[in-house]
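In: sequence first, predicted model second:
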Amino acid sequence: MPGSIALEARGLYKSFGGVLAIADVSFTVRQGSLTAAIGPNGAGKTTLFNLVTNLYPPDAGSASCFGIDLIGRAPDAVATLGLVRTFQTARAFPGMTVLENVLVGAHLRVRAKPWLQALWLRAVRDEERAIRRQAEALLEVVGLADRRDDAAISLPLGAQKLLEVIRALMARPRLLLLDEPAAGLNDVETAELARLLLAVRAAGVTLMVVEHNMSLVMGIADDIIVLDLGRVIATGAPAAVQADPRVIEAYLGREAEIA
Amino acid sequence: MREAVEIAIGGVLAGSVFALVAVGFTLVYSVMGVPNLAQGAFVVLGALTMYSLETHLRWPLLAAVPGAAVVAALVGGATERLVIRPARRRLPTSGMLILMVGLLTLFEGASLVIWGSQPYSIPAFSGERPAAIAGIRIPTQGFWILGATAASVVLLWYILARTVFGKALRACAENPVAASLMGVPVSRMTLFAFAAGAALGAIGGEVLGPITSIEFDTGRFFTNSGFIAFALGGMGSFFGAVVGGVGLGLVQQLTAGYISSLFSNTLTLVLLLAVLIWRPGGLLGGGGVRREDVREFIGASALPAYRLTGRAAWSLAILGAGIVAVLPALLGGTGLTGSLVITGILFIGVLGLDLLMGYTGQVSLGHAGFMAVGGYTAAILATRLGVAPLVATGAGIALSLAVALVLSLVTARLRGLYLALATLAFGLLVDSVTVGLTGVTGGPSGLVGIPSFSLGGYAFASATSTYYLVWGVAGALVIVLANLARSGYGRALRATRADQTAARALGIRVPRYKVSVFLISAALAALAGSLYAFHFHFLSPEMVSTSRSLEMITMLVLGGEGTLVGPLIGVALLTLLPAAVQPLATYKTLAEGLVLVLIMVYLPAGIFGGGLSGLQRLASRITHLSPHAGTASSG
């Protein structure tokens, strides 16, 4: 139902060895929206992702996905709730081809039990074929179809980032968290990524993106959360956030070179 | 009382040498983060080199002692330069461990070629007459041992704690990258660690030589003991290594003196497993857990992304099945059929290991332990209780599964290096139990009178019938496992090996997959162990010992990890070549070690995997050259 909340965080705290990385962070991501978290380097954006996907526990606070509590769940259990994430550095699986990488994304949707897979029964074959068709269609979308049998880590970094995005899409997430998907992408690839993200949102998937590329964020995001030094300093629509004096100070005050 | 004191003194003397080896372990581990499992070989090298220098070249004692230590240091240094350094850049920690196993085998093989297989005894440094103090007899050699140990340890401590060089070395141990940025020549430090570790081991061998007998493969014993001391004392702590070594010597000698020499290792191994699992930082809480493998680096070449698929795979499978079917007819009644049976049996065991290591990236250095559990259970049930072989095999597999489940649950928290070392301890523990439980297993001389495998009244008594049984099972397993490998289960395993964090983010329950694949591999090892016993009508501890575990790893790596059929090449080469070329038996160990080292350094994908990648490159080059090649890349 539109209007309900996909991701909600309340009072999250996290410190590493005495350094406060996240302090009293609360925010919501509306279902069906494309929400971007921005902020200067070290603002705590990636830490935020790691907290809600439970790579490590918060010192305090709570987070929930579609009303279900996230804290204390194993990272793979978080994925079963429909919350899938990508990583800041491209993490294509080495030792697997491009196509196989995308197929891994469908892991949660594979219904056949391992002993049926071992016997390669008809149901297994049909399921594998269906998953493979979807994977090939997604590869087509990002222009990697003709590289599908190459080793995934032989792709240029930008292509690996796109690969990771479609791998996550194969899981049919309800909420997709993307950690700097445009990092390492050239302008053409960035435009391709923007089209892909808009198409994903149009398909009903809620998106939350951590991103440095302002033109990308301002162009496609519905809501923006601005973090600085581990705190939320502004939230709202792109235009409103851009005009917020605290945001301008956070960026221009210290980092004049931000595009 | 006097007897107890004499036994304790013997324990301290043996323990001193363990301490020297453990200090060598610590030195290399501190700088590289990988224990040098070849450490024990330097003990043998030192002792035997000294023997040759004294008896053949007639060197005086005072020249032979440092001479042999220098030889060992040179060999250690050369090993670092020629093997460790090129491998370090390409291999993950697990690969380095396997490389060390290869080096140990290589040194053993070289010793066998140079000195033969007979045991050696070095003349005592100062006569054979023991000194008597307060009525307690102490061999005068004991003073040499204690003196040499104390002098070496103090010298090393001085270098590490009091010199700039030592400070640089410790910096490498803390953080090699930062150390190199600060201008510390890290590679010179690794060289020093290897050479000094080798010299320490050699000195241990030289002084211990007169009160024990040393032969080409005694190094394995010292690697085991030194490693146990190193782990008990807390990997990376010099003080812990010395205490661990002496403590281990005491426990072993006292167990041997008062309980049974056959069990002298069991107690320490149980202790070691407990320490690895519950106190990975060692009993003294020394170095602690460092360099946790959050994400093991995997070199692009180590994992073949290319697989045979479609028509090529089918053709190869049909060709293989055809060859397997007609081979016994071609060979007639020659002994080679028997060798092919063994090839098939070991292939079944290695298949499981491939799923575990090649697909999931979990190293097991004690896999033959499951062969022993399965084989002995089946053999004892069938021989003593007359249980039908099929049922007995099932019972062996069930027990093996239970053991594997317990082991995988208690080691669930362990990763990478620690898991590999825990499996090594498990394998050694099974070794000592099969040797020690003479009443149940027949002890070192083995279990005899095991019946042939039989099914519904048909006994597989001839080599040919066993051949078809074994290869039928192996073929069915290849099909089933290949199906698993190409569907969701196999993808989850390979994702786990490649990147656990990313795999979990996609919903793969990594711990559960690790346990399930460990169970499958344990079951296959148990099946192989049972078939082995039924085929030979005999089972002895050395047939399913840790040496066998290491040989299976060699076979796997040689053929090509993560390819299922590739390991068959490795198994066949290592089983059939020595059988076909009997006169070269002396060189078998040397060749095995050399092959493993060369493969790990130069062809980590193995013969099959390397061959596939080569073909793939060739194919893509041809496509690129042809004028009709369209847009081959999108980057």
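Out: In hand now; what should we look at? Quick caveat, the model's predicted, so the values are computed rather than measured.
In: where along the stretch 351-500 of chain B do the helices fall?
Out: Ranges of helices in the stretch 351-500 of chain B, per DSSP state H, counting those that start in this stretch, are B:368-384, B:389-410, B:416-436, B:438-441, B:463-486, B:488-498, B:500-505.
In: ranking those helices by burial, who's on top?
Out: helix B:368-384 (a mean of 28; mean count of other C-beta atoms under 10 Å in any protein chain shown). Any C-beta I mention is one placed from the backbone N, CA and C, and that applies to glycine too.
In: quick one: distance of that helix to the chain centre.
Out: 22 Å (C-alpha atoms, centre = their mean, to the nearest Å).
In: can you check which of the helices of the stretch 351-500 of chain B gets nearest to residue A:78?
Out: helix B:500-505 (8.0 Å; C-beta to C-beta).
In: give me the residues contacting the closest one.
Out: Under the criterion C-beta atoms under 8 Å, 6 or more residues apart in numbering or on different chains, residues A:53, A:55, A:74-76, A:79, A:84-87, A:91, A:93, A:104, B:294-295, B:492, B:495-496, B:510 lie in contact with helix B:500-505.
In: for residue B:517, give me its contacts.
Out: Residue B:517 sits next to B:355, B:356, B:359, B:360, B:362, B:493 when contact means C-beta under 8 Å, 6+ apart.
In: so, low pLDDT: which residues of chain B?
Out: Scanning chain B for pLDDT under 70 picks out B:284-307, B:333, B:415-416, B:581-583, B:624-635.
In: show me where chain A has strands.
Out: Along chain A, the segments classed as strands by DSSP state E run A:5-16, A:19-30, A:34-38, A:60-65, A:68-69, A:83-85, A:175-179, A:206-210, A:223-228, A:231-236.
In: for those, give me CSV that also has mean pLDDT and mean neighbour count.
Out: Output for the strands of chain A, formatted as CSV (pLDDT from 0 to 100; neighbours: other C-beta atoms under 10 Å in any protein chain shown):
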stretch, mean pLDDT, mean neighbour count
strand A:5-16, 92, 18
strand A:19-30, 91, 18
strand A:34-38, 93, 25
strand A:60-65, 92, 19
strand A:68-69, 92, 11
strand A:83-85, 95, 27
strand A:175-179, 94, 24
strand A:206-210, 94, 25
strand A:223-228, 92, 23
strand A:231-236, 91, 18
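In: can you say which of those is nearest to residue B:141?
Out: Comparing these by C-beta to C-beta, strand A:5-16 comes nearest, at 55.6 Å.
In: what's the angle from that closest one to strand A:231-236?
Out: 160 degrees (axes from the mean of the first three to the mean of the last three C-alpha atoms, to 10 degrees).
In: with just CA atoms, put strand A:5-16 into PDB.
Out: What follows is strand A:5-16 as a C-alpha-only set of coordinates in PDB (Å, rounded to 0.1, in the frame of the first residue of the first chain):
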ATOM      1  CA  ILE A   5       6.900   3.000   5.500                       C
ATOM      2  CA  ALA A   6       9.600   0.700   4.000                       C
ATOM      3  CA  LEU A   7      12.500   1.500   6.300                       C
ATOM      4  CA  GLU A   8      12.400   3.200   9.600                       C
ATOM      5  CA  ALA A   9      15.300   3.900  11.900                       C
ATOM      6  CA  ARG A  10      15.000   5.400  15.400                       C
ATOM      7  CA  GLY A  11      17.800   6.800  17.600                       C
ATOM      8  CA  LEU A  12      20.600   4.800  16.100                       C
ATOM      9  CA  TYR A  13      24.000   5.200  17.800                       C
ATOM     10  CA  LYS A  14      27.300   3.500  16.800                       C
ATOM     11  CA  SER A  15      30.800   4.300  17.900                       C
ATOM     12  CA  PHE A  16      34.100   2.700  16.900                       C
END
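In: got a list of contacts for that strand?
Out: Under the contact criterion C-beta under 8 Å, 6+ apart, strand A:5-16 has outside partners A:20-33, A:44, A:47-48, A:51-52, A:56, A:58-67, A:83, A:174-175, A:206, A:208.
In: so what strands line up beside that strand?
Out: If you go by DSSP bridges, strand A:5-16 pairs up with strand A:19-30 (antiparallel), strand A:60-65 (antiparallel).
In: the longest one: how far from the chain's middle?
Out: What that stands for is strand A:19-30. The answer for strand A:19-30 is 17 Å, by C-alpha atoms, centre = their mean.
In: could you do stretch B:572-584 as well?
Out: How far stretch B:572-584 lies from its chain's middle: 21 Å, per C-alpha atoms, centre = their mean.
In: which residues touch that stretch?
Out: By C-beta under 8 Å, 6+ apart, stretch B:572-584 touches B:335-336, B:339-340, B:342-343, B:346, B:551, B:554-555, B:558-559, B:585, B:588, B:591-592.
In: now, these that are in helices?
Out: B:336, B:339-340, B:342-343, B:346, B:551, B:554-555, B:558-559, B:588, B:591-592 (DSSP state H).
In: farthest-separated two in those?
Out: Among the ones in helices among the contacts of stretch B:572-584, B:336 and B:554 lie farthest apart (C-beta to C-beta), at 21.5 Å.
In: so those two - more neighbours on which side?
Out: When residue B:336 is set against residue B:554 and neighbours are counted by other C-beta atoms under 10 Å in any protein chain shown, the residue ahead is residue B:554, at 25 against 18.
In: nearest spatial neighbour of the more buried one, chain-adjacent residues omitted?
Out: residue B:596 (4.7 Å; C-beta to C-beta, 6 or more residues apart in numbering or on different chains).
In: for chain A, see how far away the one you found is.
Out: Residue B:596 sits 21 Å away from chain A, going by C-beta to the nearest C-beta, to the nearest Å.
In: ok, residue B:410 next?
Out: 20 Å.
In: mind checking the SS state of the closest residue to that residue other than its chain neighbours?
Out: Counting by C-beta to C-beta, 6+ apart, residue B:410 lies nearest to residue B:277, which is 5.1 Å off, once chain neighbours are set aside. When classified by DSSP: H, G, I helix; E, B strand; the rest coil, residue B:277 comes out as helix.
In: count the residues that sit near residue B:277.
Out: 17.
In: now the one 3 residues further on
Out: A count of nearby residues for residue B:280, using other C-beta under 10 Å, gives 19.
In: surely it touches residue B:417?
Out: No - between residue B:280 and residue B:417 there is no contact under C-beta atoms under 8 Å: 9.7 Å.
In: what's the single longest helix in chain B?
Out: helix B:2-32.
In: check which element follows that one along the chain.
Out: Once helix B:2-32 ends, the next helix or strand along the chain (criterion: DSSP states H and E) is helix B:39-55.
In: tally of neighbours for residue 71?
Out: In the absence of a named chain, this looks at chain A. For residue A:71, the count of nearby residues is 17 (other C-beta under 10 Å).
In: actually it's chain B I care about, not the one you picked
Out: Residue B:71 has 20 neighbours, counted by other C-beta under 10 Å.
In: equivalent analysis for residue B:87, please.
Out: 19.
In: which helices and strands sit right next to the helix or strand that contains it?
Out: For residue B:87, the element it lies in under DSSP H and E is helix B:85-88. Using 3 or more C-beta pairs under 8 Å, 6 or more residues apart in numbering or on different chains; DSSP states H and E, the elements in contact with helix B:85-88 are helix B:93-115, helix B:186-208, helix B:588-602.
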